[in-house]
Each structure stands twice: as structure tokens, then as C-alpha cells.
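[1] Here is my input, please return the structure:
(2 chains)
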Amino acid sequence: ASLNAPRNAAFSVDAEPTAKKIVTGYNNFYEFGTGKYDPAASADAMKTRPWTIEIAGEVEKPQTIDIEALLKMPLQERLYRFRCVEAWSMVVPWVGFEFNQLARLAGPTSKAKYVKFTTAMQPETMPGLRIPVLDWPYTEGLRIDEAMHPLTLLTLGVYGETLPNQNGAPVRLVVPWKYGFKSVKSIVKIEFVENEPSTAWNKAAANEYGFYSNVNPNVDHPRWSQKRERLLPSLFASRQTELFNGYADQVASLYAGMDLKKNF
Amino acid sequence: MMALADLPAPARVRKPGAPRRGAPPPGWTRWAKPLVLAAGLAPLARLVYGVFWNPDLLGANPAETIEHVTGDWCLQFLLITLAVTPLRRLSGWNWPIKFRRMLGLFAFFYGVVHLLAYVGFDMLFDPAAIGKDIWKRPFVTVGFSALLLMTPLAVTSTKGWVRRLGGPAWARLHRLVYAIAALGVLHYWWLVKRDITWPVAYAAMLAALLGWRLWARGRRQKAQAARFGEARS
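    From the prediction side, this is the model:
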């Protein structure tokens, strides 16, 4: 379904969007298989209605929100850079609203230092769950100030329409200065917590996927360089990767005084 | 032992006087070889066609597709090459040997294209970056070593080189293929992010092909010992 969402130029990059068939055809969504083309081929089966998000933990008003209520929020389109940890990138017109707006509905308490996100588990529609490549359900986490940052977008659509299932329907997060896997898909639960939550990729290989996973050309993945990236569908990995994926002006202050090589 | 059979002495394989089982008509390899050559080049032709005339064919990340396809075919041709000897022994056919050199050279060829794709698409032909990458990343080190080790085998694959080196020395050199295949599988295993299904499948096939050789050698040695015993009694 199409979404009414004016472009927010202040939060958009000056770049050509990646072709829609690439954005919606080349995805990492391991619940539907580890191949990049698996999600587009098999995610149609996922049931996205009814859909609710449980908001729990250190909040004044724990609640369960229906997806239809989220779709009634004022939406905007933002053209973001999207950089995968595998060294490819895209430019994507996401549609959504700032996560902090949702957080405010629940009212995080002073104990809420981190936010933990959980992806849906539908064994009957997600063949990838049968293989323990990750500790299911998929979990991700952000520090509270990262989650509340205006760039962190609760995303309901792409290319002016509701999200295709393979892109994390019906609701996902987009954190544009971090590697793509931090932008958790198909969210069913949001918990505000006091301690740093464990996350799926960090549990799988802590030396390769740190909790922060900020895009950083100076910190290589143990098995490949992060200096450059391949802006799809380019053959050559000729784009220089930027610190914080080009969003340093907005987010570098979040990490002032931190050793980014240690806290990668 | 597999290499000995490349010597220009076909009678060596068939026991003297044994019937030739399932032998195709004589001279058939003359037209079969170009067919195998064309089939072996088909995957590359598809990639070239995709790059220049039909980008959709190679998906959203054509460079990755090219690297995966060429890497896969390199490993697959290595395994097929290693299957030639077991196939001959188990079936009694002699003809598979006529294709082995071409199959081995295809493995090398796809390995070279695989390396070139990495050097060009990933490394932008930057020698410093390539050197650092080979040095720093074990999976690259292993893959590069495999291709390096394959080079002398490709060079000495001609009849002239078999003659020059002498059969036994040539055969010893070409046993490097066992290590090369193992390095290739390791390269694949180490590079995948989480799902090791395919590396495990390749490793199992390689283990079967090499395991069969060990088993066959054990049997040959036993048979030899038995003959030796008979001769003495």
C-alpha cells in the first residue's frame, strides 16, 4: 500500500537512490535463509497482520501497540545511506518516523540505559529458523542516546510504499550510521533495559560484530577491509567508506572520549 | 598413483587380457573433447554475457556473483578431476583419463578468473592493498596459496613436461592437487559468515575422494604382500 510521506530534505543525503529492485531483491534476513536472494523469494509467506509491538521494561507506561496505530503517525521519507558490514552499500528512501516519538509514548525511566529489540519468530513461515546460524529470535540493541537520536528511524515503508516482507515488514528500525544488521527487522518487542543487552550477531561472533558496530573505515572486519565499499550494483568497490557512514557531524558526539577501535 | 596413468601406456591400467568393459567407439573423444571444452566455458560465457549485455542476469551484486560462480567452478572442477581415478578403477573404464588434463586446467582457469575478479573488483588493482590483504587475512592467504600451488601443475600438464620430468617425478609433483583441493575448501569454509552448509558439502566430497585413495592404496599393499608371500612359499 502506498504511504503519504513527504521527503525530509534536512535528513536526506544528496545521492541517487539505489534501484528499487536491488533494495527489495538483495537482502540479509536470515530467518528466510542465508542467501541474499532467499528473503525476496520466500518472505511473502510471513504473516504481517495482525501485528503488535510490545513495549516493556524500564518505562512508565508499558504497552502493546498495534501496527495500524503506527501507520497513523505522521510519516516522512528520508534518503539514507545504508552500509552493510559485508562492504556493500545502497542509498534507500525509507518512510517512517523518529524512534524517539514512539519511546516518548511509553516514557522511559531514568533506569532505561539501553533498548533491546526483538524480531518476530514465525517457524511456520521462516525456514531459516530451523538452522541455528544465529541464536533465535534475532535480537539487537542500542544505547538509549543512540535510540533517541533523531536519525534513528522507526521504519514502516520504502519507496513510498509499506515495507515488502523481505525488507522487514511491517516495522523495522533504520540506524544509518551503523552496519545494516543493527537495523533490526520485523520488530515485535522493544524493551528498555538497564544493562547492555546481548545481541544475536554479537553472540554469534563477538570478535567480528561488536555491540556498537558503527560504520568505521579504520576498523577492519577480521576477514575483510572496511575501507571501501561497493555501491550496488557497481562492479568495483570504489566508494571510500566514511566514518559513521557519513553521519559523523550528527552522531560523533555520542562517542566523545570513546576508543572506537575497542568499542567497535 | 593417479598420475601414472597419464603416461602413454594405456595397457598399464587394464590388466593384460582383461576384457575392455563399456568401451565407447574408438576415436569418439575427438568430438567429445570440444564438447567438454564448450561445456566448461559455458559458466564463463554466461558471466561475460551478464556483464556486457544483461546486468540483471548477475543479480544486485554482479561482482559478488562473478566471484562466487568462478570460485565454485574452480572447486567443482578440482573435485571432478579428483574423481577421474576412482571412476576409472571402480568402473574399469579407461576413457575418463582422456579428459583429466582439460578438467584440471579448467579448475586452474576458473581459479585465475576468481583471483582477477578479486584483484580488480575488490582491490581496484592496488598492489599494496592486495599484498596486505593476502598477508593479513588467513582465508585470502589460503586461497592465494592454493592458486599459486596450482600454477606449476598447469604449466607441467603437457605431454612434453611429463616426458621431461619423467613419469614418477611428474606424478609426485601432481599429488600437490590433494593439498590444493584441501586449501580451496578451507578458503571457502573460512570466508562464509555463518552458514557453512556448502563448505561442509565440499569437504565431505573431498574427504570421500581422498579417503577412497587411502583405502585403495591399503588394499593394493595388502595384495602385494600376499603375492610376495605366495612367491616365497
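[2] quick one, strands of the stretch 51-200 of chain A?
    Assigned by DSSP state E, counting those that start in this stretch, the stretch 51-200 of chain A shows strands spanning A:52-57, A:63-66, A:76-83, A:88-98, A:114-119, A:139-143, A:153-158, A:161-162, A:172-174, A:187-193.
[3] what's the neighbour count on the nearest residue to A:Asn263 once chain neighbours are set aside?
    Distances taken as C-beta to C-beta, 6 or more residues apart in numbering or on different chains place A:Tyr212 nearest to A:Asn263, at 5.3 Å, with adjacent residues excluded. All C-beta atoms are positioned from the backbone trio N, CA, C, and that covers glycine. Using other C-beta atoms under 10 Å in any protein chain shown, A:Tyr212 has 21 other residues around it.
[4] three-state assignment of A:Tyr212?
    Classification of A:Tyr212 using DSSP: H, G, I helix; E, B strand; the rest coil returns coil.
[5] if I read this right, it contacts A:Tyr179, doesn't it?
    No - using C-beta atoms under 8 Å, A:Tyr212 is not in contact with A:Tyr179, being 9.5 Å away.
[6] And the top helix by length along chain A, what does it pack against?
    Counting by DSSP state H, the longest helix found in chain A is helix A:99-106. When contacts are defined as 3 or more C-beta pairs under 8 Å, 6 or more residues apart in numbering or on different chains; DSSP states H and E, helix A:99-106 packs onto strand A:52-57, strand A:63-66, helix A:144-147, strand A:153-158, strand A:187-193.
[7] pLDDT averaged over that helix, what's the number?
    For helix A:99-106, mean pLDDT rounds to 98.
[8] Can you give me the buried ones in it?
    Within helix A:99-106, the residues scored as buried using 16 or more other C-beta atoms under 10 Å in any protein chain shown are A:Phe99, A:Leu102, A:Ala103, A:Ala106.
[9] again, but for stretch A:224-238
    Across stretch A:224-238, burial judged by 16+ other C-beta under 10 Å covers A:Trp224, A:Ser225, A:Gln226, A:Arg228, A:Glu229, A:Arg230, A:Leu231, A:Leu232, A:Pro233, A:Ser234, A:Leu235, A:Ala237.
[10] what about the nearest residue to the second one once chain neighbours are set aside, helix or strand, and which?
    What sits nearest to A:Ser225 in space, not counting adjacent residues and going by C-beta to C-beta, 6+ apart, is B:Asp133, at 6.8 Å. Using DSSP states H and E, B:Asp133 sits within helix B:127-136.
[11] Alpha carbons of that helix, as CSV, please.
    Extracted C-alpha coordinates of helix B:127-136, given in CSV (Å, rounded to 0.1, in the frame of the first residue of the first chain):
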residue,chain,number,x,y,z
PRO,B,127,49.2,-3.9,-5.3
ALA,B,128,49.8,-2.6,-1.7
ALA,B,129,46.2,-3.4,-0.7
ILE,B,130,46.4,-6.9,-2.3
GLY,B,131,49.7,-7.7,-0.6
LYS,B,132,48.4,-6.6,2.8
ASP,B,133,45.2,-8.5,2.3
ILE,B,134,46.9,-11.7,1.4
TRP,B,135,49.2,-11.3,4.3
LYS,B,136,46.6,-10.3,6.9
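[12] my guess is A:Ala106 meets A:Lys61, correct?
    Yes - A:Ala106 lies in contact with A:Lys61 (C-beta under 8 Å); the separation is 5.2 Å.
[13] Run a quick neighbour tally on residue 70.
    Here I'm looking at chain A. For A:Leu70, the neighbour count with other C-beta under 10 Å is 20.
[14] hm, I was asking about chain B
    23.
[15] Kindly report the residues of chain A close to chain B.
    Contact residues (C-beta under 8 Å from any C-beta of the partner chain) of chain A with chain B: A:21-22, A:25-26, A:30, A:34, A:36-37, A:86, A:88, A:131, A:133-134, A:204, A:222-225, A:228, A:230, A:232-238.
[16] so the nearest residue to A:Gly210 once chain neighbours are set aside, which of the three states?
    Using C-beta to C-beta, 6+ apart and skipping residues adjacent in sequence, the residue nearest A:Gly210 is A:Phe264, 4.1 Å away. Here A:Phe264 is recorded as coil under three-state DSSP.
[17] hang on, A:Phe264 packs against A:Pro217?
    No - with contact defined as C-beta under 8 Å, A:Phe264 does not reach A:Pro217; the gap is 11.9 Å.
[18] Give the residue from those two that has the larger number of neighbours.
    Per other C-beta under 10 Å, whichever of A:Phe264 and A:Pro217 has more neighbours is A:Phe264, with 19 against 15.
[19] if I pick A:Thr119, what's in contact with it?
    Residues in contact with A:Thr119 (C-beta atoms under 8 Å, 6 or more residues apart in numbering or on different chains) are A:Glu31, A:Pro137, A:Tyr138, A:Thr139, A:Glu140, A:Val184, A:Lys185, A:Ser186, A:Ile187, A:Val188.
[20] Which of these has the largest number of neighbours?
    Neighbour count (other C-beta under 10 Å) singles out A:Lys185 as the most crowded of the contacts of A:Thr119, with 29 neighbours.
[21] Mind checking which of the residues of chain A next to chain B land in helices?
    Of the positions in the residues of chain A next to chain B, A:Lys21, A:Ile22, A:Ala204 sit in helices, assigned by DSSP H.
[22] Most neighbours among the residues you listed, which one?
    Counting neighbours by other C-beta under 10 Å, A:Ile22 leads those with 18 neighbours.
[23] quick one: pLDDT of the nearest residue to that one once chain neighbours are set aside?
    Excluding the flanking residues, the one nearest A:Ile22 by C-beta to C-beta, 6+ apart is B:Ala60, at 4.2 Å. Here the pLDDT value assigned to B:Ala60 is 96.
[24] near chain A, which residues of chain B show up?
    So far as C-beta under 8 Å from any C-beta goes, chain B lies against chain A at B:51, B:55, B:59-64, B:120-122, B:124, B:129, B:133, B:137, B:139, B:190-191, B:193-195.
[25] The residues you listed in helices, which ones?
    Checking these against DSSP H, those in helices are B:Val51, B:Pro62, B:Ala63, B:Glu64, B:Ala129, B:Asp133, B:Phe139, B:Trp190, B:Leu191.
[26] Mind picking the two most distant members of those?
    Greatest spacing in these, by C-beta to C-beta: B:Val51 and B:Trp190 (27.5 Å).
[27] Pull out the buried residues from stretch A:154-168.
    Within stretch A:154-168, the residues scored as buried using 16+ other C-beta under 10 Å are A:154-159, A:162-168.
[28] In chain B, where is pLDDT below threshold?
    Confidence mapping of chain B against pLDDT under 70 gives the ranges B:1-26, B:230-233.
[29] Which helix or strand contains B:Ala171?
    Using DSSP H and E, B:Ala171 falls within helix B:167-174.
[30] right, so the helices and strands packed on helix A:99-106: which one is the most enclosed?
    Most buried of the helices and strands packed on helix A:99-106, by mean neighbour count (mean count of other C-beta atoms under 10 Å in any protein chain shown): strand A:153-158, with a mean of 25.
[31] all helices of chain B, in order?
    Listed in chain order, the helices of chain B (DSSP H) span B:29-53, B:62-91, B:97-117, B:127-136, B:138-155, B:159-165, B:167-174, B:176-191, B:197-232.
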